[in-house]
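S.K.: build me a model from this:
(chains A and B)
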Amino acid sequence: EAGVAQSPRYKIIEKRQSVAFWCNPISGHATLYWYQQILGQGPKLLIQFQNNGVVDDSQLPKDRFSAERLKGVDSTLKIQPAKLEDSAVYLCASSLVAGLGDTQYFGPGTRLTVL
Amino acid sequence: AQSVTQPDIHITVSEGASLELRCNYSYGATPYLFWYVQSPGQGLQLLLKYFSGDTLVQGIKGFEAEFKRSQSSFNLRKPSVHWSDAAEYFCAVGAQSNYQLIWGAGTKLIIKP
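M.R.: Next up, the predicted model:
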């Protein structure tokens, strides 16, 4: 079974530029998560989708971050414009359903550096 | 509010020695507890989880964890570490209200040859 795919793996941009990350979850997984992991910290949930609907985006900085999950499969996360403090690893995860009993499977992440 | 504390930022262990990584949580109800491992260049992988029942939980790769309600702890153990265990380990608690995971800051495990 293929895992969660993310691209690109690395991205370097200058502040005020825009950037987009792509995630392809495990086939059949209804729930998709985007996390931000700053160096030295645990992951922080940015947004959670159930199929193509948003379940929770309370920690997403909506003035600069946006995310969508078209057709309930792939998802993109965009930052526009980027700030220095956005430098982090962006992790995508998926699970079969929403619920603590279901394991979240993580992709390798995209490491973003904002200069 | 829920929180997770991993007191050790780094731990160095000799290959073949035993390992214990500490995790303390703050949560009002019965917690759902998890340990994940993050190897360099790889995604987070679930090692084990505790929801209820037997407080000693067995996981993959020879790891186990023990839930101690009186100490609000969920420490991860392994009797004999291998060089391939070098990685960062994260403890997380699940909030039953919204199914979200609250993560600790992680403990980096260094293996001495």
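
S.K.: check which residues of stretch B:69-84 are buried.
M.R.: Residues of stretch B:69-84 classed as buried: B:73-76, B:78, B:81 (neighbour count, 16 or more other CB atoms under 10 Å in any protein chain shown). For every residue, glycine as well, the C-beta is placed using N, CA and C.

S.K.: next one: stretch B:84-104
M.R.: For stretch B:84-104, the neighbour count (16+ other CB under 10 Å) marks B:85-96, B:99-104 as buried.

S.K.: the most centrally placed residue in chain B: what secondary structure?
M.R.: For chain B, B:Trp35 is the residue whose C-alpha lies nearest the centre (CA atoms, centre = their mean; 3.6 Å). Counting by DSSP: H, G, I helix; E, B strand; the rest coil, the backbone at B:Trp35 sits in strand.

S.K.: state the distance from the nearest residue to it once chain neighbours are set aside to chain A.
M.R.: Nearest residue to B:Trp35 in three dimensions, chain neighbours excluded: B:Leu47, at 4.4 Å (CB to CB, 6 or more residues apart in numbering or on different chains). According to CB to the nearest CB, to the nearest Å, B:Leu47 and chain A sit 11 Å apart.

S.K.: these two touch, right, B:Leu47 and B:Leu33?
M.R.: No - contact criterion CB atoms under 8 Å: B:Leu47 and B:Leu33 do not qualify, at 11.2 Å.

S.K.: and for those two, which residues touch both?
M.R.: Taking CB atoms under 8 Å, 6 or more residues apart in numbering or on different chains as the contact rule, B:Leu47 and B:Leu33 both touch B:Ala65.

S.K.: hang on, the earlier thing: spit out the contact partners of the residue nearest to the centre of chain B.
M.R.: By CB under 8 Å, 6+ apart, the contact set of B:Trp35 is B:21, B:23, B:46-49, B:59, B:63, B:65, B:74, B:76, B:89-92.

S.K.: who does it form a beta bridge with?
M.R.: Taking DSSP bridges, one obtains B:Leu48, B:Cys91 as the residues bridged to B:Trp35.
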